[in-house]
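1. One predicted model, sequence on top.
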Amino acid sequence: MSVITFKPAVRGRIPLLFALAGSSGSGKTYSALRLATGLANGGTIAVIDTEAGRASHYAQYFKFLHGLLEPPFTPERYLEAIEAAEKAGADVIVIDSMTHEWAGEGGCSDIHDETARRMAIYKNVLDERKLANVSTVAWAEAKVRHKRMMSRLLQKRAHLIFCLRAEEKIKIVKDPNTGKTLVENAGWTPICEKNFMYEMTGSVTLSDANPGVINYELTKKLSNELQPIFRNKTAIDENMGNTLLEWSNGVNQNKPVQENSGPAKQVDYVSLMEGRLKNARNTDEVNRVFTQWEATKTKAEQAGRPIADTVADQVQALIDERHNQLYQPEPQEPEWAMDEAAS
């Protein structure tokens with residue numbers, strides 16, 4: 001029997017690994033919870049907190065399970081925490097912060113240092129000269145353990161959102177005209193293993209100058225399909241999470257052509273739009289959901305798989321209902337005030 005079976009490719013659900021990097025005060029945790037709320041679409045969110053419980057400050061704004069991960073921040077303990085969140089029923093897991101796995105107490109940097117010291121001890125005495133010589137070789141154990149963790153994370157079915165600290169990098173350059181040495185800003189860099197961001201489905205870097213707002217001038221990884229979701233100079237919100245969920249589930253993606261294909265089954269549209277509307281906090285956001293819904297219907301029509309009228313009517317009714325709930329008429333001046341103004 002063959003070890004692998006081939007069949008026609010179909011765009012199915014894609015588990016996501018998304019990273020939000022930024023300096024202190026850039027809105028990483030709050031943005032991650034907004035994104036997770038939309039992505040969970042009524043499901044369960046779990047937060048793995050390595051920041052001494054700071055994520056629990058947002059418990060009054062978001063519904064989530066909270067778990068405190070304490071040192072040592074080894075790759076194995078991160079993996080155990082994520083698997084524990086899965087067993088607790090989490091559909092979306094926020095890891096805040098993933099930076100500790102690399103630079104925290106007991107993380108990969110500490111594993112490297114401990115390995116180097118162990119290799120540099122001769123007759124129970126630490127040889128400082130040898131310590132410097134074995135530094136590169138001593139990274140082997142830490143990197144193997146990190147890669148083992150990453151290979152397991154890539155197999156997870158839950159959506160993973162990673163918060164990472166970022167630091168401002170500089171580079172030393174020589175002025176070609178004067179020959180003088182200059183210091184240039186090299187931008188913000190996430191604090192993590194160098195290949196970690198390449199494993200992400202997508203990532204953005206946030207700034208404390210404009211917390212929670214996407215800035216394309218900062219480090220990012222966004223494919224052509226993700227850029228319309230994470231637009232430049234836009235605050236991360238629940239609607240982005242909803243749209244990301246649709247993309248993950250393959251909604252509006254090209255599907256194999258089948259004979260006698262009529263309107264596609266639309267059972268998901270009602271629940272997806274209901275989740276978006278639930279997160280809308282004013283009529284402007286409801287109007288934005290309506291615009292997105294109209295665009296979704298147009299795309300479905302162009303793809304030859306129109307949305308059923310009954311489903312469209314249900315969604316429209318939800319939009320109208322939510323708009324009426326949030327609508328606040330402008331206060332009218334009392335008649336005596338208008339009379340005084342006229343006189």
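-> Received, thanks.
2. Phi, psi for I172 please.
-> The phi/psi pair for I172 (degrees, to the nearest 10) reads phi -90, psi 120.
3. Please disregard the earlier target; I meant P228.
-> Backbone torsions for P228, taken as degrees, to the nearest 10, come to phi -70, psi -20.
4. Ok, P190 next?
-> phi -60, psi 140.
5. That one and A166 touch, don't they?
-> Yes. The criterion here is Cβ atoms under 8 Å, and P190 meets it with A166 at 5.1 Å. Quick note: C-beta positions are derived from backbone N, CA and C, even for glycine.
6. Please enumerate the shared neighbours of these two.
-> Here P190 and A166 have 21, 205, 219 as joint contacts, going by Cβ atoms under 8 Å, 6 or more residues apart in numbering.
7. Now tabulate these in a markdown table and tack on distance to F196 and neighbour count.
-> Converted to a markdown table, those look like this (distance: Cβ to Cβ, whole Å; neighbours: other Cβ atoms under 10 Å):
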| residue | distance to F196 | neighbour count |
| --- | --- | --- |
| A21 | 10 | 28 |
| T205 | 14 | 26 |
| T219 | 12 | 16 |
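8. Next SSE downstream of the strand or helix carrying E246?
-> If you go by DSSP states H and E, E246 is part of helix 238-249. Using DSSP H and E, the next helix or strand after helix 238-249 towards the C-terminus is helix 267-279.
9. coming back round to it: other SSEs contacting the helix holding E246?
-> Judged by 3 or more Cβ pairs under 8 Å, 6 or more residues apart in numbering; DSSP states H and E, helix 238-249 is in contact with helix 28-40, helix 267-279, helix 283-302.
10. other SSEs contacting whichever helix or strand comes after the longest one?
-> Toward the C-terminus, helix 283-302 is succeeded by helix 309-326 as the next helix or strand (DSSP H and E). Using 3+ Cβ pairs under 8 Å, 6+ apart as the contact criterion, the neighbours of helix 309-326 among helices and strands are helix 267-279, helix 283-302.
11. Could you pull out the buried residues of stretch 183-192?
-> 188-192 (16 or more other Cβ atoms under 10 Å).
12. could I have it exported to PDB, CA atoms only?
-> This file holds the C-alpha atoms of stretch 183-192, laid out as PDB (Å, rounded to 0.1, in the frame of the first residue of the first chain):
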ATOM      1  CA  VAL A 183      25.100  55.600  12.500                       C
ATOM      2  CA  GLU A 184      21.900  54.800  10.600                       C
ATOM      3  CA  ASN A 185      18.500  53.600  11.800                       C
ATOM      4  CA  ALA A 186      17.900  50.100  10.500                       C
ATOM      5  CA  GLY A 187      14.300  50.000  11.600                       C
ATOM      6  CA  TRP A 188      12.500  47.800  14.200                       C
ATOM      7  CA  THR A 189      13.300  44.100  14.400                       C
ATOM      8  CA  PRO A 190      11.300  41.500  16.300                       C
ATOM      9  CA  ILE A 191      13.200  39.800  19.100                       C
ATOM     10  CA  CYS A 192      13.000  36.100  18.200                       C
END
